[in-house]
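Asks: Coordinates for the following, if possible.
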Amino acid sequence: MDHPRINDPIAPTMEHTFSRTERLRKQSLISKLLKEGKTFTLFPFRVSWIVHPTNEKTPVQVLISVPKHNFPNAVHRNRIRRLIRESYRLNKQIAVNPLTARNQGLLLHIHYTSKEILPFRIVQEKIILLLQRLRREHEKVAG
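Replies: Numbers count the residues shown, from 1 in each chain. The predicted model follows:
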């Protein structure tokens, strides 16, 4: 007998996760990313990225930052981080699948630069554009 959730189109798949191992936490990798990483801006984000040896489980590690200078209230910073994380979680396959196929890894820093909280729909559209551009930029470097 089939498991009842296997054919359920609403059931989350392994592709739509954002586990702890996908978060960039190691200080040495963060400083390497910020010093040596390539950067581009796509409003409301500034993105830094660098090619890094991959781990089979997590080809991309992500750091999301929202400046305290723009949002003094922690509630607002947390809200924005949640919006970005959810948008990334739902759309990360745009960038992750090509990297997995090439056995390459990526360190990624997404920095929120807007001074206002944008709606989820706009954040998600921008994250999709960001991931598509990241994919193109990485393909240029990888050749």
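Asks: how about the strands of this structure, start to end?
Replies: 38-42, 45-52, 60-65, 105-112 (DSSP state E).
Asks: As TSV, these with mean neighbour count would be great.
Replies: C-betas here are computed from N, CA, C, even on glycine. As requested, those are exported to TSV (neighbours: other C-beta atoms under 10 Å):
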stretch	mean neighbour count
strand 38-42	13
strand 45-52	18
strand 60-65	20
strand 105-112	21
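Asks: and R25, which of those strands is closest to it?
Replies: For these, the distance to R25 is smallest for strand 60-65, at 8.1 Å, taking C-beta to C-beta.
Asks: The closest one - what's its average pLDDT?
Replies: Strand 60-65 carries an average pLDDT of 95.
Asks: and if you look at stretch 99-107?
Replies: Mean pLDDT, computed over stretch 99-107, is 82.
Asks: picking up where we left off before, I'd like the strands of the chain as JSON lines, with distance to H138 appended.
Replies: As requested, the strands of the chain are exported to JSON lines (distance: least, C-beta to C-beta, whole Å):
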{"stretch": "strand 38-42", "distance to H138": "9"}
{"stretch": "strand 45-52", "distance to H138": "7"}
{"stretch": "strand 60-65", "distance to H138": "10"}
{"stretch": "strand 105-112", "distance to H138": "7"}
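Asks: Nearest to Y88 among those strands would be which one?
Replies: Per C-beta to C-beta, nearest to Y88 of these: strand 60-65, 6.4 Å.
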